[in-house]
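Chemist: Task: produce atomic coordinates for the following.
(chains A and B)
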Amino acid sequence: MLWLLWLGFALGISGGKLVAMSQTNTRLSRIFQQMADVLEVLGANRFKVIAFQKAARVLGELAEDVAVMDSKTLRAVDGIGKGMADRIEAFVQTGELAEAAELMGKVPSGVVMMLDVPGLGPKTVSVLWREAGLNDLDDLAKALDTGELEKLAGFGKKKIENIKKNLVFAKEAGKRARIGEAMAMALWFIDQLKGLKQVKRIEYAGSLRRGKETIGDLDLLVAADADDVGGIMDAFVGLEPVVDVIAKGKTKSSVRTGESSGAAGSSKGGGISGGGIQVDLRVVPIESYGAALMYFTGSKEHNVRLRERAISMGMKLNEWGLTKQDSDEVVASGSEEEVFEALGLAWVPPELREDRGEVALADKDDLPLLIELSDIKAELHTHTTASDGMWTIEQLALAAAERGFHTVAITDHSKGQVQANGLSDERLEKHIVAVRRVAEKLRGKITVLAGSEVDILTDGRLDYPDSLLKELDVVVASPHAALTQEPAKCTARFLKAIENPYVTIMGHPTGRLVGRREGLSPDMGALFKAAAERGIAMEINANHWRLDLRDTHARAAIAAGVKLAINTDAHGPGDLDQLQFGVLTARRAGVTKSDVVNCMTKAGLAKWLKSTR
DNA sequence: GCCGTTTTCGGCCCGACTGTTTTCAGTCG
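Modeler: Down below sits the predicted model:
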């Protein structure tokens, strides 16, 4: 029960309107972040700066549109107090925030952009602006060459060289790698280092361990004896993809990788992280491993919450362990479980460590039992050579069986997907026969269902007539075109599709591509309500380019009582491995196996499919 | 600016690394 309350609270669900990504929330989040930046350069109270940063973060993650939230609910949101609520309401009323405009007028935007240069913080930027008269990155580049900056206090040769070197990364700031890329890279680094005899334990931490859809930098944690640290650091910075050593110390090193390091294993060009990625390596003694893993996994906000709790209990928490405040006696440090327990908390799964109420739930031992990868027993969205896949029906079915699935649905594209060789009505009819033939052949090994990923046309009609859809076991209805439709229009479009009596799953509902395409912003609350009433499932498309529904949507979906489907949308070998990213996304949403149709037994799934008709 | 089973004022997490420093400030996560 408490869990559901938390869901409601975290999402701000109070009968309000739920949108994919509220324009108001996004714009205000951006404005508050800019205000925080300007305040920082102006040397404002740092807690005030933090308050603006937090408000920006909270608004960016909020699933409900602040424009339709009532005043009381707004003020109940963690991180939004009277001041922020007043600003939000003023912005909603007038469409602007005079205070923000005034603030931005005090510091040139080019000066604020200097904060994006790694190593340049508010203090340094303030000096460059006020004392050296630099107004933007171009000014900075020129000043670095003339040598005039050496006259400034605190500016030595090395510092100037570093700024010069880091200037190019200002443009890369904020660019993040998709989780699929980051995971491959992290595993590559771990593979290289785990063979060293000094390494007792190694794993990735940070936002990758938390399963975020994009990752800013890789965090690796190693357990080793103090005497062995030097050798490990040397090996780390000497690895082939490393092009720059940012820091190298006794317990911590940071490097940057090259643009096309073989480690990335990325087959698709473009995307978010055009350049390399920063990798941080932290080495601690095995006795501190648990505390260090917590520290390094974050999130920062979650850690702050735990440290505050430690203080209130007369203890101190850092990466070395949980200690008594007065005596420095170590209370817990070896494992995460021990540290959480000593704090009076249940162990919190990494995916929930975002300071969204999980500590309060852990305090009551009321955390949800999150879905696991091994809970998935069926794949309901796949493509074969009939449309744009690389597998034959049988190859695909056998691959699914090999993974221990009891059911797989073949769902090739519909005729509107010309570029993907979508099936005409006639071809689909023949395809169904072919699928049934394979199903018969593999009977006993795996259940093979005939399906289709049918396009939701721009007006909400489906790409096949009902008479044909009726013949299918699974109908995944997805948008592939008109992905810039107005929210109201696409909401109506999707509601109409959900009404179709033969739809079983709504596939990748926003059509976004992580870091590349924004996708649609339908009224998700309305879709979830309709889907729940119809009894159909909403998909978490597990492909790391999509992750659609995203985590916040999935959370809102289960709160609304909607069943979820986690599918890979597999087009060929290897794609079934994408399932892990869908499961991570679901876990971040607090999803349990009972929320997901792919976790049902064979009979249970068959019964559910029937129930959607 | 936010927040509160030590509450409406007085706090607000903690440590590593770097560079320019003779003991520390700035930045980062």
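Chemist: Need the CA coordinates for the longest helix that chain A contains. CSV is fine.
Modeler: Assignment by DSSP state H gives helix A:23-41 as the longest helix of chain A. Extracted C-alpha coordinates of helix A:23-41, given in CSV (Å, rounded to 0.1, in the frame of the first residue of the first chain):
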residue,chain,number,x,y,z
GLN,A,23,6.5,21.6,-22.4
THR,A,24,6.0,23.7,-19.3
ASN,A,25,8.0,21.3,-17.1
THR,A,26,10.8,21.1,-19.7
ARG,A,27,11.0,24.9,-20.2
LEU,A,28,10.9,25.7,-16.5
SER,A,29,13.4,23.0,-15.8
ARG,A,30,15.7,24.6,-18.3
ILE,A,31,15.1,28.1,-16.9
PHE,A,32,15.8,27.1,-13.3
GLN,A,33,19.0,25.4,-14.4
GLN,A,34,20.1,28.5,-16.2
MET,A,35,19.2,30.6,-13.2
ALA,A,36,21.4,28.2,-11.1
ASP,A,37,24.3,28.7,-13.5
VAL,A,38,24.0,32.5,-13.4
LEU,A,39,23.7,32.6,-9.6
GLU,A,40,26.8,30.4,-9.4
VAL,A,41,28.9,32.8,-11.5
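Chemist: What mean pLDDT does it get?
Modeler: The average pLDDT for helix A:23-41 rounds to 89.
Chemist: is it true that A:Gly451 lies in a helix?
Modeler: No - per DSSP: H, G, I helix; E, B strand; the rest coil, A:Gly451 lies outside any helix segment and is strand.
Chemist: got the contact list for it?
Modeler: Taking C-beta atoms under 8 Å, 6 or more residues apart in numbering, we find A:Gly451 in contact with A:Leu380, A:Ala409, A:Ile410, A:Thr411, A:Leu472, A:Asp473, A:Val474, A:Val475, A:Val476, A:Thr504. Just so you know, the C-beta spots here come from the backbone N, C-alpha and C atoms, and that holds for glycine as well.
Chemist: Greatest separation within the residues you listed: which pair is it?
Modeler: A:Ile410 and A:Thr504 (13.6 Å; C-beta to C-beta).
Chemist: I figured A:Lys529 was touching A:Ala559, is that so?
Modeler: No - counting by C-beta atoms under 8 Å, A:Lys529 does not reach A:Ala559; the two are 11.3 Å apart.
Chemist: higher neighbour count, the two?
Modeler: Using other C-beta atoms under 10 Å, the more surrounded residue of A:Lys529 and A:Ala559 is A:Ala559, with 22 against 17.
Chemist: now the more buried one: how far from DNA strand B?
Modeler: Here A:Ala559 is placed at a distance of 21 Å from DNA strand B (C-beta to the nearest atom of the strand, to the nearest Å).
Chemist: ditto for A:Ala556
Modeler: 21 Å.
Chemist: now swap in A:Gly238 and tell me
Modeler: Distance from A:Gly238 to DNA strand B, by C-beta to the nearest atom of the strand: 15 Å.
Chemist: That residue - how many residues pack around it?
Modeler: 10.
Chemist: any idea of the pLDDT on it?
Modeler: pLDDT, A:Gly238: 93.
Chemist: now A:Asp244: how far from A:Thr251?
Modeler: 20 Å (C-beta to C-beta, to the nearest Å).
Chemist: ah, wrong one, I meant A:Leu39
Modeler: 33 Å.
Chemist: Tell me if A:Ala565 really is in a strand.
Modeler: Yes - counting by three-state DSSP, A:Ala565 is part of a strand.
Chemist: Kindly tell me how buried the closest residue to it other than its chain neighbours is, as a neighbour count.
Modeler: Excluding the flanking residues, the one nearest A:Ala565 by C-beta to C-beta, 6 or more residues apart in numbering is A:Ala537, at 4.1 Å. A:Ala537 has 28 neighbouring residues, counting by other C-beta under 10 Å.
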